[in-house]
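can't give you the sequence, but here's the structure:
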DNA sequence: AACTTCATTCCGGATAATGGAACGCTCTGG
DNA sequence: CCAGAGCGTTCCATTATCCGGAATGAAGTT
């Protein structure tokens, strides 16, 4: 697959700017990316013309509002993310913990959206971040229902058990102290994503655990029903 | 300011993909952008390598998850948007109408974030979209407090009146039937943005109008206080 | 099996990206 | 008050690489 070196460099600049957090000077960025200042400056000038990057009062560069428009556009055009958003917020408000949507895109599992809980101690996943397949509840549901979407040959016994039960639980396998409960969004015979509830392990004991399972499965089913009814593909 | 033609074309492709809504084939995109298919294909190959675009099962292109990460990253890194988000949601939930955040970026007014109301008839601004300066409440507040940020020489009398009052109202000047109430976020002696409440004109009569003003000014003040306290610039 | 339509690859030529060096500017400290 | 360091920005000869019409191969469609 033939590529364009110029575009590659421009995207690397955007990602470096994001990882840096806040703003970065041209010289800093050039050093981090090992690019000549002149080259980088030309790329940033084009990105700035479309507002994908901006410069503050005295020259430093940061990500621009054009990216917000494109990013929210991508989210809004995604059928699953669109119908899941209100359900995530509803669940987060009702239960007080963080709910998020995970789906397979380009062979990887990513967080498509989230609605954070209300507690002082709460899970805060990064939207857009990748999630591992092997050690997560969402990953196992994908292994069982659609292994080809995450580049896996077949499902493990544990994954098949989770699929039969209709949800899966992950207690500290992925991140120590974090419990995640995930339920599949199954519509028109295929898996469109997973709704997951994440919280500190202590917050999901006993009754709270059962309630979390209920809220998660309920939200996943609502999203599935909305997808069925939605005429748009 | 010297630019890179290659990067310009790549960004134009992204924006065309967003405006098209949903997905587009290579041939469609090439026709819309008047680019040779081979050229466009090379650009998209690079964008796809970074997940800024994706291809569905049979070749069609759409915006990718990498853009969601970059876009929400840009929003999360913006100090004003970050502290305003919970206040927007709180106000929208409490009052039931749409609240949004407007700020000047690169000499233009743009919607940085929003929280939609609950009614069936509700305002739904596009995050990232530009807002005119002359015919909006937020625009007048900018004219009065920081005309240089929106490329204007001086403030009109109407703008100065709005600034003295501490908020401004727009009834149908911008969009027929739409009433917007805006209040400035003033911190450390300068204007960082405007919190605005938007609804159908009929929904903001009498008591509701006064309540909307109260909620809007309250939210703006909370954001301002959060900005003062926040040590990060 | 002929035809259309699609994404993708090829390759010689010309364009436009490259990057080291120089510029103008604002600080900083002697 | 000026030398120096740092910044973003511009210059320009070189050449890497982007360009794009044409060719390819794989699906569908008639």
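Cool, the structure landed. Predicted model only: the values in this text are computed from it and were never measured.

residue A:181: what secondary structure?
Put simply, residue A:181 is strand when judged by DSSP: H, G, I helix; E, B strand; the rest coil.

quick check: residues of chain A near DNA strand C?
Contact residues (C-beta under 7 Å from any atom of the strand) of chain A with DNA strand C: A:1, A:2, A:5, A:6, A:9, A:35, A:36, A:37, A:38, A:39, A:42, A:43. C-beta coordinates here come from the backbone N, C-alpha and C atoms, glycine included.

neighbours of the last one, how many?
Going back to what we said before, that points to residue A:43. Counted by other C-beta atoms under 10 Å in any protein chain shown, the residues lying close to residue A:43 total 25.

just the strands from chain A, written as ranges.
Per DSSP state E, chain A carries strands over the ranges A:53-55, A:61-63, A:98-105, A:108-115, A:130-131, A:168-171, A:178-187, A:190-200.

all helices in chain A, in order from the N-terminus.
Ranges of helices in chain A, per DSSP state H, are A:5-20, A:26-33, A:37-49, A:65-77, A:79-95, A:137-145, A:157-165, A:207-229.

now do stretch A:61-70: distance to the chain's middle.
Mean C-alpha position of stretch A:61-70 versus that of the full chain (C-alpha atoms, centre = their mean, to the nearest Å) differs by 19 Å.

should've said stretch A:66-79
That offset, for stretch A:66-79, works out to 13 Å (C-alpha atoms, centre = their mean).

identify each buried residue in that stretch, please.
For stretch A:66-79, a neighbour-count test (16 or more other C-beta atoms under 10 Å in any protein chain shown) marks A:66-78 as buried.

possible to save those as TSV with pLDDT?
Shown next, in TSV, are the buried residues of stretch A:66-79 (pLDDT from 0 to 100):
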residue	pLDDT
A:66	94
A:67	95
A:68	95
A:69	93
A:70	95
A:71	94
A:72	93
A:73	91
A:74	92
A:75	93
A:76	89
A:77	89
A:78	90
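
any chance of those residues in TSV, plus distance to residue B:138?
Listed next are the buried residues of stretch A:66-79 as TSV, based on distance: C-beta to C-beta, whole Å:
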residue	distance to residue B:138
A:66	19
A:67	22
A:68	17
A:69	18
A:70	23
A:71	22
A:72	19
A:73	22
A:74	26
A:75	24
A:76	23
A:77	27
A:78	30
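
which of those lies closest to DNA strand C?
Closest approach to DNA strand C among the buried residues of stretch A:66-79 (C-beta to the nearest atom of the strand): residue A:77, at 17.2 Å.

need the contact list for the closest one.
Taking C-beta atoms under 8 Å, 6 or more residues apart in numbering or on different chains as the criterion, residue A:77 is in contact with B:18, B:21, B:22, B:62, B:63.

neighbours of residue A:39, how many?
Number of residues near residue A:39 (other C-beta under 10 Å) recorded here: 15.

and it, how far is that from chain B?
Computed as C-beta to the nearest C-beta, to the nearest Å, the residue A:39 to chain B distance reads 9 Å.

spit out the contact partners of the closest residue to residue A:196 other than its chain neighbours.
Sequence neighbours aside, residue A:182 is the residue nearest to residue A:196 in space, at 4.1 Å (criterion: C-beta to C-beta, 6 or more residues apart in numbering or on different chains). Counting by C-beta under 8 Å, 6+ apart, residue A:182 touches A:102, A:136-138, A:141, A:167-170, A:194-197, A:216.

name whatever forms a beta bridge with the most centrally placed residue in chain A.
Nearest to the geometric centre of chain A sits residue A:111, at 1.3 Å (C-alpha atoms, centre = their mean). Residue A:111 has these beta-bridge partners by DSSP bridges: residue A:102.

didn't it look like it was pressed against residue A:131?
Yes - using C-beta atoms under 8 Å, residue A:111 makes contact with residue A:131 at a distance of 6.3 Å.

what touches both of those two?
residue A:102.

domain assignment for chain A?
Listed by automatic domain parsing, the domain ranges of chain A are A:5-70, A:78-229.

export the ones you listed to CSV and tack on distance to residue B:202?
Converted to CSV, these look like this (distance: least, C-beta to C-beta, whole Å):
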stretch, distance to residue B:202
domain A:5-70, 30
domain A:78-229, 25
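
residue B:49 is nearest to which of these?
Among these, domain A:5-70 comes nearest to residue B:49, with 7.1 Å by C-beta to C-beta.

first to last residue in the closest one, what's the distance?
End-to-end distance of domain A:5-70 (C-alpha to C-alpha, to the nearest Å): 22 Å.

any chance of the contacts of residue A:182 in a markdown table, plus pLDDT?
Below are those laid out as a markdown table (pLDDT from 0 to 100):
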| residue | pLDDT |
| --- | --- |
| A:102 | 98 |
| A:136 | 97 |
| A:137 | 97 |
| A:138 | 97 |
| A:141 | 97 |
| A:167 | 97 |
| A:168 | 97 |
| A:169 | 97 |
| A:170 | 97 |
| A:194 | 98 |
| A:195 | 98 |
| A:196 | 98 |
| A:197 | 98 |
| A:216 | 98 |
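
nearest to chain B among the residues you listed?
Chain B has its nearest neighbour among the contacts of residue A:182 in residue A:102, at 11.2 Å by C-beta to the nearest C-beta.

just checking, the closest one touches residue A:109?
Yes - with contact defined as C-beta under 8 Å, residue A:102 reaches residue A:109; the gap is 5.6 Å.

give me the common contacts of these two.
Residues touching both residue A:102 and residue A:109 (C-beta under 8 Å, 6+ apart): A:131, A:136, A:138.

apart from its chain neighbours, what residue comes closest to the second one?
In space, residue A:136 comes closest to residue A:174 once its chain neighbours are excluded; the distance is 5.1 Å by C-beta to C-beta, 6+ apart.

name the residues of chain A found near DNA strand D, please.
Selection of chain A residues close to DNA strand D by C-beta under 7 Å from any atom of the strand yields A:3-6, A:25-28, A:37-38, A:41-42, A:44-45, A:55, A:59-60.

rerun at 10 Å
Residues of chain A found near DNA strand D, taking C-beta under 10 Å from any atom of the strand as the criterion, are A:2-9, A:23-31, A:36-42, A:44-45, A:48, A:55, A:58-61.

ok, residue A:8 touching residue B:46?
Yes - between residue A:8 and residue B:46 a contact is recorded at 5.1 Å, counting by C-beta under 8 Å.

and those two? Which one has more around it.
residue B:46 (23 against 16).

about what we covered before: let me know the closest of the buried residues of stretch A:66-79 to residue B:122.
residue A:76 (16.3 Å).

the closest one touches residue A:82, doesn't it?
Yes - Residue A:76 lies in contact with residue A:82 (C-beta under 8 Å); the separation is 6.0 Å.

in chain A, what spans have low per-residue confidence?
Counting by pLDDT under 70, chain A has low-confidence residues at A:230-233.

what sits closest to residue A:163 if chain neighbours are left out?
Going by C-beta to C-beta, 6+ apart, residue A:163 has residue A:144 as its nearest residue, at 3.5 Å.

separation between the one you found and residue A:182?
The gap separating residue A:144 from residue A:182 is 11 Å, by C-beta to C-beta, to the nearest Å.
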